[in-house]
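1. below: sequence and its predicted model.
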Amino acid sequence: MNRTKTLLAFLFAIVFSLNIYAQDIDTGFVSNLQQTLPAGSQVNIAIQPDGKIVYFGGQSLGSYFILRANLDGSLDTSFNFTSTNSEFLVNSVVVRQDGKLLVGGGGGFGITPIIMLLNADGSQDLSFSNNLPSCNSLSCGAKVYSAQSDGSFYASRSIFTNGFGELYLNRYSSNGILDSSFQTLTFRTRTNRDFIGKIEILPNGKLMICGRNFTNGVLFRLNQDGTKDLSFESPSVLHFNSTYHPSINTFILKNDGMLIVSGTFTSVNGVSFDGFSRLNSNGSVDLQFATDFSATEPTGMDSHKLSNGKYVIWFSRIGFSGINNFVQFNTNDTVDNTFSSNLSGTFLLDSQNRVTTSTFRLNNSGTLDTSYLTPVFKVNGNVSAIARQTDNKIIVVGVFDFASSSSRAKITRLNTDGTIDQTFDSGTGFNVAPNRVEVQADGKILVAGDFTSYRGTPVSFLIRLNSTGTLDTTFSTFLTNSVYSIVPLSTGKILIGGDFSSFNGVSRPGIARLNSDGSLDASFNASINTGSIKSLLLQNDGKIMVGGFFSGIGGFSRNNIARINSDGILDTSFNAGSITSVSQVSQNNGKYVINLSNSVKRLNADGGVDSSFLSQELNGTVKSIFVQNDGAVIIGGNFFTVNGISRRGIARLKNDGTFNSSFLFDSANNGVNSLLGLPNGKVYVGGDFSKIGNTPRIGLGRLNVIPDISFQTSRSFDFDGDGKADIAVYRPSNNNWYRLNSSNGSFVQLNFGIAADQVAPADFDN
């Protein structure tokens, strides 16, 4: 072998030894789980000049969307917005004059706020700069308000800590660059209390802004450079009741230059006005203001001006608390009696001056427009549990209503490539998402949760399905509360653990064994004191590990973890002493890996703490554990760091418990609820995420997990860590390295370097 080839082979070995722990997302498995937007979720709109309506919003991290509807309410399939950032909760959309969409969002601790620009087809304009600074460990967000004819726009960035914070309003150029010629406006604010209510760009380029700035209602006018316009005197608003913080929520700039203001106040500049007043163009109160509008404590929340000079205000209280109305006013500020409505909400006016919201539209008379249709809002689904069948198909349960666009209510069966197994039909499915699923040896499926119906049939807590998805009517249980753990036994009997205290009137706190028909197996009684069983682990010898929240079993003192014999009698040879609440127990080589409130420990066979395994502290909870054959531990849950190192939702610990920094460096972008390891080394991951390993995966993904070779001594050309050399070649024509993994026959390709490169071996990643 000549010197060049030797160097290249050595370089190849370095490259792959540096990446030998890296986990690949299995591209051979892709699923698409979606849910209908939950009731109570926020939906907002923006209206394009052509009349099409852009809907946006969401409920929580991951439950966000931007879609566009045609004039008839049908979904505009030419618009396709896709984002894999579950932290990006859309809160604002502004339509630019060129038809592109400015989008603002973010929100949450440690999440960088985002402003993006979308093309008319919903794709992201990559020439647009989003350079908002990170908020580190603080809570923050971004919001866009309005755009000028040249594409420049106004947006705010907010930062909160302990409920208090500041909001910074800036102007940005059309390509997203901060405009330094505009003086930043700073609001002192508190979460969900102080706000910018409305911003309007005036014909002369100045800005009119209203809102509440740290308990004070404000209205002011800014020059084009962001300095305060001193020719406008900001009014002072007060409320006679000190429990109400005064605010100016909205305003109307009338054609004659005067201003209508509305909000929470009982006086303006010392003049009594109840939630509705008129100002002169210099900010002073118009003492000649006269209107026939009369209401008790009206609070204007939103307003817009019609093309003919009339205007509509949404008042959140008229006459009595809780009654909402739109009121239309004539140009002389009297009530327009040709318009009548008892509906309310944040709204816009379309090109025909019709009041339009995310759920309804009014005719010009105020009556409901029955022709207005809204599209079905679909957002990311999530997965709570996964089970594998003997044919390697998987059963998935969670919060979703659709799988690959087909109706699948909270349960589905997927083929090994992620496509739907059409032979499993769940019909209308569950009314509440299950939390646990297991498959029996005969192919029947056990499902547990707090649901009350399946396919329209009343059921609760624990049911069994036939392999086709129909309800198994030969199985019937009598439980009083939730089931968290299910273990099908080879005998056809079933172990269950949960919050229940009895079964069909017979005392069985937390754990019971059922016969194959769902009746109680009276011969099994673990005699646990009142508590909750979260995890059951069946050992090869028939003994059962029990984890949860309890303090005694069989008359013996046992805190939250115990081992019982197959008949339910306590195995006294195992005693872990005082252990905090345990929700997951896994076994490897006779030892037990358990999760506590915010850490992971390993116990010896007798229950003593394994001192060779270093406990890792997490700033959140562990919800699932998978122990690899080599003793490495993959953990999933709701955490952001492991021993202070940033890892979200999923991480791996080495055989000695130390953190494995090279495992799935990008982790997930939200919580992980379930891990399911396969005999071939692959691992299913289910949760609330939309990305894992920086690859788009909505709630469910599969990893190609190689062994942890931290404790192996021989690694020569063993790139996948199975202890065997792998075939590898270098192709100079395209600078690609190729390897064939001996562990699973998978093929890996990597572009790295060129033949003329000089090797510089070093430990670059420590």
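-> Nice, thanks for sending it over. Numbering: from 1, shown residues only.

2. for the rest of this, base every contact and every neighbour count on C-alpha atoms.
-> Will do.

3. low pLDDT regions in the stretch 151-300 of the chain?
-> Along the stretch 151-300 of the chain, segments meeting pLDDT under 70 span 163, 190-193.

4. near Gly40, how many other residues are there?
-> The burial metric for Gly40, expressed as a neighbour count using other CA atoms under 10 Å, is 8.

5. and the pLDDT for it?
-> pLDDT for Gly40: 73.

6. and it, that's in a strand?
-> No. Gly40 sits outside any strand when classified using DSSP: H, G, I helix; E, B strand; the rest coil, being coil.

7. relative to Leu287, how far out is it?
-> 42 Å (CA to CA, to the nearest Å).

8. over to Ile692?
-> 62 Å.

9. more neighbours, the two?
-> Set Ile692 next to Leu287 and count neighbours by other CA under 10 Å: Ile692 wins out with 28 against 11.

10. how about the contacts made by the nearest residue to the more buried one once chain neighbours are set aside?
-> Beyond its immediate neighbours in the sequence, the residue positioned closest to Ile692 (CA to CA, 6 or more residues apart in numbering) is Ala668, lying 4.2 Å away. Residues near Ala668 by CA atoms under 8 Å, 6 or more residues apart in numbering: Arg647, Arg648, Gly649, Ile650, Phe689, Ser690, Lys691, Ile692, Gly693, Asn694.

11. quick check, nearest of those residues to Gln328?
-> Each of those was checked against Gln328 using CA to CA; the closest is Ser690, at 43.7 Å.

12. need the pLDDT of the closest residue to the closest one other than its chain neighbours.
-> Leaving out its chain neighbours, the residue that sits closest to Ser690 by CA to CA, 6+ apart is Ile698, at 4.2 Å. The confidence metric pLDDT takes the value 89 at Ile698.

13. neighbours of Ile698, how many?
-> Per other CA under 10 Å, the neighbour tally for Ile698 reads 26.

14. so it touches Val685, yeah?
-> No. With contacts defined as CA atoms under 8 Å, Ile698 does not count as touching Val685, sitting 10.5 Å away.

15. now do stretch 518-534: distance from first to last residue.
-> By CA to CA, one end of stretch 518-534 lies 20 Å from the other end.

16. list the buried residues for it?
-> By neighbour count with 16 or more other CA atoms under 10 Å, stretch 518-534 contains the buried residues 518-520, 524-534.

17. same question for stretch 579-588.
-> Those buried within stretch 579-588 under the rule 16+ other CA under 10 Å are Ser581, Val582, Ser583, Gln584, Val585, Ser586, Gln587, Asn588.

18. and for stretch 187-201?
-> In terms of neighbour count (16+ other CA under 10 Å), stretch 187-201 has its buried residues at 187-191, 194-201.

19. for stretch 605-617, same thing?
-> In terms of neighbour count (16+ other CA under 10 Å), stretch 605-617 has its buried residues at Ala605, Asp606, Gly607, Val609, Asp610, Phe613, Leu614, Ser615, Gln616, Glu617.

20. ok, back up a step: now, of the contacts of Ala668, which are buried?
-> Judged by neighbour count, with 16+ other CA under 10 Å as the criterion, the buried members of the contacts of Ala668 are Arg647, Arg648, Gly649, Ile650, Phe689, Ser690, Lys691, Ile692, Gly693, Asn694.

21. follow-up on the earlier one: distance of the residue nearest to Ile692 relative to Phe640?
-> The separation that Ala668 has from Phe640, given CA to CA, amounts to 10 Å.

22. no further queries at this time; thank you.
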